[in-house]
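In: would you be able to build a 3D model of this:
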Amino acid sequence: MHPSAILHEVQQLYNVSDRLDSLAEQHPLVSEALITISGSVRNTATLLEVLVAMKITPVSGLDPANA
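Out: Numbering: from 1, shown residues only. Next up, the predicted model:
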């Protein structure tokens with residue numbers, strides 16, 4: 001899988017998180033749960049983004065064995 005395909009999914013996860021935050025504002029009875037889930041989705045997106053940066057598209061000129 002090309003890194004851009006994974007990064008596209010990362011953006012989709014950020015979008016889901018944003019939509020859950022918006023829903024939390026509209027539904028006070030479940031807002032706490034939605035905000036918690038939104039945070040988890042956002043954290044997962046961030047971790048996936050870091051994984052791509054570290055493992056799939058290493059900084060050119062650096063030898064990972066010496067990093």
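
In: which strands and helices lie in contact with the longest helix that the chain contains?
Out: When the chain is parsed with DSSP state H, its longest helix is helix 3-26. On a contact count with 3 or more CB pairs under 8 Å, 6 or more residues apart in numbering; DSSP states H and E, helix 3-26 meets helix 31-51. Glycine gets a C-beta too; all of them are placed from N, C-alpha and C.

In: tell me who's in contact with the residue most central in space within the chain.
Out: With the centre of the chain defined as its mean C-alpha position, the nearest residue by CA atoms, centre = their mean is residue 45, 1.1 Å away. For residue 45, the contact set (CB atoms under 8 Å, 6 or more residues apart in numbering) comprises 10-11, 13-14, 17.

In: residue 9 too?
Out: Residue 9 neighbours (CB under 8 Å, 6+ apart): residue 48.

In: cool, and residue 44?
Out: Contacts of residue 44 by CB under 8 Å, 6+ apart are residue 13.

In: contacting residues for the residue nearest to residue 34 when sequence neighbours are not counted?
Out: Using CB to CB, 6 or more residues apart in numbering and skipping the chain neighbours, the partner closest in space to residue 34 is residue 24 (3.9 Å). Under the criterion of CB under 8 Å, 6+ apart, the neighbours of residue 24 are 30-32, 34-35, 38.

In: closest one of the residues you listed to residue 5?
Out: residue 38 (23.6 Å; CB to CB).

In: for burial, what's the neighbour tally of the closest one?
Out: 19 (other CB atoms under 10 Å).

In: quick one: pLDDT of it?
Out: Per-residue pLDDT puts residue 38 at 98.

In: that one and residue 4, how far apart?
Out: 25 Å (CB to CB, to the nearest Å).

In: over to residue 53?
Out: Between residue 53 and residue 4 the distance is 13 Å, computed by CB to CB.

In: and what of residue 30?
Out: 35 Å.

In: who has more neighbours, these two?
Out: Neighbour count, other CB under 10 Å: between residue 30 and residue 4, residue 30 has more, with 12 against 9.
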